[in-house]
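Enquirer: here are the coordinates; sequence isn't available:
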């Protein structure tokens, strides 16, 4: 099967939040995807029992009905996305898709943790792809990194914050000092936690994800039920207070380590537990509903992957990333391998540079000025004339014997052009004895 | 070319630190690599003018001479690794390799930033792979993530700490309050900075990397010389002190943003500058010689990739990751696509679990006990009997009217088995009224 002239056709089973995100991403980012892939990816068919809810997306040219089996059999569908959730029904459809020679993308970690053996076995037997980047860490490309980027390593440790709901609850408990029940209720009201939060709160969702990570890190077949799993119920404000005193934060971690012995023996330690991590570690600073996975390899050392672990668009990002990979495989002969610079050569073109008048930001400015009256007002005056607002000014006393003083200005948001013009004016002042030091302040971090 | 029966042959030009790391990784991790790939990757030939230095690695079965052109022409070499550094000589060898129909792996960001157009153009024309994961972020699989994992996104921002030397210097200046020159001298003594540190300290190395990231994120052809680049010279202890007061840390960031206008216009903002980032951000916590890159996509939102940005083994991890990818491409027909679970199905096997007696760690234990004399000594006694050492004990006063108190114990390193036995004994004490809460302390983060 090599796809039709118009690109690769995608069918979606399960048109909920994530499915809606997939439709949006394929539409909004169609140009970028085609410039990276060389041909379009088209959503051609969707199946869902709920035909009534308005998902707020344009369904022109997409066939939408309730017949998942007909979708799987549709010759225009080359890749089937399963986003139903649960076990038996999605398993049935995935196996049906393989039977029909279709590749599959899923985000269903519970299904893969429980029935992975059968699903991966069937895919391998049929020579078909099964992709599931969205199953762990939402939009973070952690599985691809483990499988490809770190493929040269013996993995020593995989551990991480694998569940956004519990990380949100823990972060809130830490910052507010409130009880678990109060915070959980608020998480439910805000949509961060489900009405029945058991899967998240008891660590089961994290254990599903850890099972997949453990297999991928160590080639270890994992029996999900055997992973020691403890949730976050029963943690008290006192625990957070004392953790803080001891220099720690409390996170729900999934941890899998490989103990390698003499003669090549490999034994696996894995668990999901509330865990204290040093405040200064990267993981300690993963707050709210974010996820992060740390992978330690024997060559690469410690690496960490951070991002949104759930949600409509981040999860859709991972699903569509998988579609792109499989589509490239299908169109192999026509498409060639991954473009080394991400975009195909003909789509790498000179692009205009944003002029300094439109580059906006705040800055820290340090001037060295003569210790004389009126200097400060001349500096701030020059900034004001170019429209550079001032957030804060610090003038230090000069050291013994020095005849200059440092004058520090923290600006409001201003353009590079305005800042440059003001600095030029200030440079002309006789009282300013050295070129100023400018340190930008970055908000997008 | 489909490789020989014995796997894929690799030739290395430039046998310095990174090259030595590549030889080590291919040897030490040969089993894992073959279990992921389905066939071995073999170093068959090395070329370097220095034939005398002992690199401390076993060169059995590897031909080692000074003739790079003969290496390129050698029919046993399917992939050529270029690790010479510089411009003209490596460029000549890379083009020679393409001419001979060989795929190329390089870590040379300077070369790619300056002559990328010709090198990528030739590779594309010849239908050959050029891989360069090691060129940015050392062992962090950031380029692969940008190219594949995030391929579904319009990238909005790429920014990061792209140079380990400068990050080491900035981290040290921040923590010690010392002058730039003092810290740079120490970095040179420790091998974190070169004798001539210009490339690092002036931001040129970071700009080379940013040029590659900008092209990959936005399909924008970048003229390296046009990236506004400022180094870290001239920063004073005072700047760090005030940054701290204002709630920031100072990092040397490479930043590239895409401004998208109506009608699909795309304009690029890029720069390398010392920058203040909020103390609570993930980037602010990237210390020492580590690197981190943040990528913000319109679907995935903010994501971050962290790890060692340089060094023998981390860089070798990226080089060998590239070899694995290309080897899989070469052996396409025989090897099939990437194994979904990273290891090939036949290498995913049940592995032994580490027994509780060998799982070691520290723990925070919270007991709820009757507010009676002797309770503390009974709890600590039970721990001691099982060999669980105590690092700290906290007993809080009971609240008004409560007849129980929380007793907290921070243990020394002990086995799960010993801890479990002690907890069982403690559970039998009449004075302990509830099941204890255990929170492990993770050191591997």
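Expert: Arrived safely. Since the structure is predicted, the reported quantities are computational estimates derived from the model, not experimental observations.

Enquirer: Where does pLDDT dip in the stretch 201-350 of chain A?
Expert: A:333-337 (pLDDT under 70).

Enquirer: 50 instead, please
Expert: The model of the stretch 201-350 of chain A has no residue with pLDDT under 50.

Enquirer: next one: the stretch 51-200 of chain A
Expert: In the stretch 51-200 of chain A, no residues with pLDDT under 50.

Enquirer: Give me the nearest residue to the residue most central in space within chain A, chain neighbours excluded.
Expert: In chain A, the C-alpha nearest the mean C-alpha coordinate belongs to residue A:307, at 2.8 Å (Cα atoms, centre = their mean). Of all residues not flanking residue A:307 in the chain, residue B:303 sits nearest, at 3.6 Å (Cβ to Cβ, 6 or more residues apart in numbering or on different chains). Bear in mind the C-beta positions are built from the backbone N, C-alpha and C, glycine included.

Enquirer: Show me what that neighbour is bridged to.
Expert: Legend: beta-bridge partners of residue B:303 under DSSP bridges are residue B:295.

Enquirer: For it, grab the count of nearby residues.
Expert: By other Cβ atoms under 10 Å in any protein chain shown, 30 other residues sit near residue B:303.

Enquirer: My guess is it contacts residue B:292. True?
Expert: No: using Cβ atoms under 8 Å, residue B:303 is not in contact with residue B:292; the gap is 10.8 Å.

Enquirer: Same question for the residue nearest to the centre of chain A, what's its three-state structure.
Expert: When classified by DSSP: H, G, I helix; E, B strand; the rest coil, residue A:307 comes out as strand.

Enquirer: What residues does it make contact with?
Expert: Applying Cβ atoms under 8 Å, 6 or more residues apart in numbering or on different chains to residue A:307 gives the contacts A:137-140, A:290-292, A:314, B:300-304.

Enquirer: about what we covered before: contacts only, for the residue nearest to residue A:307.
Expert: When contacts are counted by Cβ under 8 Å, 6+ apart, residue B:303 touches A:139-141, A:305-308, B:145, B:150, B:294-297.

Enquirer: ok, and the most crowded of those?
Expert: In these, the most neighbours by other Cβ under 10 Å go to residue A:139, 33 neighbours.

Enquirer: Could you say which helix or strand holds it?
Expert: Counting by DSSP states H and E, no helix or strand carries residue A:139.

Enquirer: Helix, strand, or coil at the residue sitting furthest away from the middle of chain A?
Expert: Going by Cα atoms, centre = their mean, the residue of chain A most distant from its centre is residue A:401, 53.7 Å out. In three-state terms, and counting by three-state DSSP, residue A:401 is coil.

Enquirer: gap between it and chain B?
Expert: Residue A:401 sits 17 Å away from chain B, going by Cβ to the nearest Cβ, to the nearest Å.

Enquirer: try residue A:141
Expert: Note on residue A:141: its distance to chain B, by Cβ to the nearest Cβ, is 2 Å.

Enquirer: My understanding was that that residue contacts residue A:305; is that so?
Expert: Yes: at 7.3 Å, residue A:141 and residue A:305 qualify as touching, with contact defined as Cβ under 8 Å.

Enquirer: for the stretch 101-250 of chain A, what spans make up the helices?
Expert: A:109-126, A:142-144, A:164-176, A:180-189, A:198-201, A:204-218, A:237-246 (DSSP state H, counting those that start in this stretch).

Enquirer: out of those helices, deepest packed?
Expert: Stretch with highest mean neighbour count among these: helix A:142-144 (a mean of 29; mean count of other Cβ atoms under 10 Å in any protein chain shown).

Enquirer: which secondary structure elements does it contact?
Expert: helix A:204-218 (3 or more Cβ pairs under 8 Å, 6 or more residues apart in numbering or on different chains; DSSP states H and E).

Enquirer: try 10 Å this time
Expert: Packing partners of helix A:142-144 (3 or more Cβ pairs under 10 Å, 6 or more residues apart in numbering or on different chains; DSSP states H and E): helix A:204-218, strand A:290-297, strand A:301-308, helix A:312-330.

Enquirer: if we can go back for a sec, what is in contact with residue B:303 and residue B:292 at once?
Expert: residue A:306 (Cβ atoms under 10 Å, 6 or more residues apart in numbering or on different chains).

Enquirer: now the spatially closest residue to residue A:214 that is not a sequence neighbour: how far from residue A:207?
Expert: Setting aside the residues directly before and after it, residue A:214 is nearest to residue A:256 in space (Cβ to Cβ, 6+ apart), at 4.3 Å. Using Cβ to Cβ, to the nearest Å, we find residue A:256 at a distance of 11 Å from residue A:207.

Enquirer: Over to residue A:176?
Expert: From residue A:176 to residue A:207 the distance is 27 Å (Cβ to Cβ).

Enquirer: Over to residue A:340?
Expert: 38 Å.

Enquirer: Got phi/psi on the residue nearest to residue A:166 when sequence neighbours are not counted?
Expert: Spatial nearest neighbour of residue A:166, chain neighbours left out: residue A:252 (4.5 Å); criterion: Cβ to Cβ, 6+ apart. For residue A:252, the backbone dihedrals (degrees, to the nearest 10) come out as phi -90, psi 110.

Enquirer: Show the contacting residues for residue A:252.
Expert: Contacts of residue A:252 by Cβ under 10 Å, 6+ apart are A:160-163, A:165-167, A:169-170, A:200-201, A:203, A:205-206, A:230-232, A:235, A:272-275.

Enquirer: Could you rerun that using 7 Å?
Expert: When contacts are counted by Cβ atoms under 7 Å, 6 or more residues apart in numbering or on different chains, residue A:252 touches A:161, A:163, A:166, A:167, A:170, A:203, A:206, A:232, A:272, A:274.

Enquirer: Identify the spatial nearest neighbour of the fifth one, chain neighbours not counted.
Expert: So that's residue A:170. residue A:250 (5.8 Å).

Enquirer: same question, residue A:77
Expert: Nearest to residue A:77 is residue A:11, by Cβ to Cβ, 6+ apart, at 3.6 Å.

Enquirer: isn't that neighbour right up against residue A:78?
Expert: No: in this structure, residue A:11 is not within contact of residue A:78 by Cβ atoms under 7 Å, at 8.3 Å.

Enquirer: Outline the domain layout of chain A.
Expert: With domains defined by automatic domain parsing, chain A comprises A:8-138+A:314-347, A:142-308, A:360-441.

Enquirer: Figure out which of the ones you listed is closest to residue B:431.
Expert: Closest approach to residue B:431 among the domains of chain A is made by domain A:142-308 (18.8 Å; Cβ to Cβ).

Enquirer: what about the closest one, how long is it end to end?
Expert: End-to-end distance for domain A:142-308: 12 Å, by Cα to Cα, to the nearest Å.

Enquirer: do stretch A:54-71 as well
Expert: Stretch A:54-71 has an end-to-end distance of 21 Å (Cα to Cα).

Enquirer: on that earlier part again, which of the contacts of residue A:252 lies closest to chain B?
Expert: Of all the contacts of residue A:252, chain B sits closest to residue A:274, with 5.0 Å by Cβ to the nearest Cβ.

Enquirer: In which helix or strand does that closest one reside?
Expert: Assessed by DSSP H and E, residue A:274 sits inside strand A:266-278.

Enquirer: what's the offset of that strand from the middle of its chain?
Expert: 22 Å (Cα atoms, centre = their mean, to the nearest Å).

Enquirer: and the angle for it with helix A:237-246?
Expert: If you take axes from the mean of the first three to the mean of the last three Cα atoms, to 10 degrees, strand A:266-278 sits at 90 degrees to helix A:237-246.

Enquirer: buried set for strand A:266-278?
Expert: The neighbour-count check on strand A:266-278 (16 or more other Cβ atoms under 10 Å in any protein chain shown) flags A:267, A:268, A:269, A:270, A:271, A:272, A:273, A:274, A:275, A:276, A:277 as buried.
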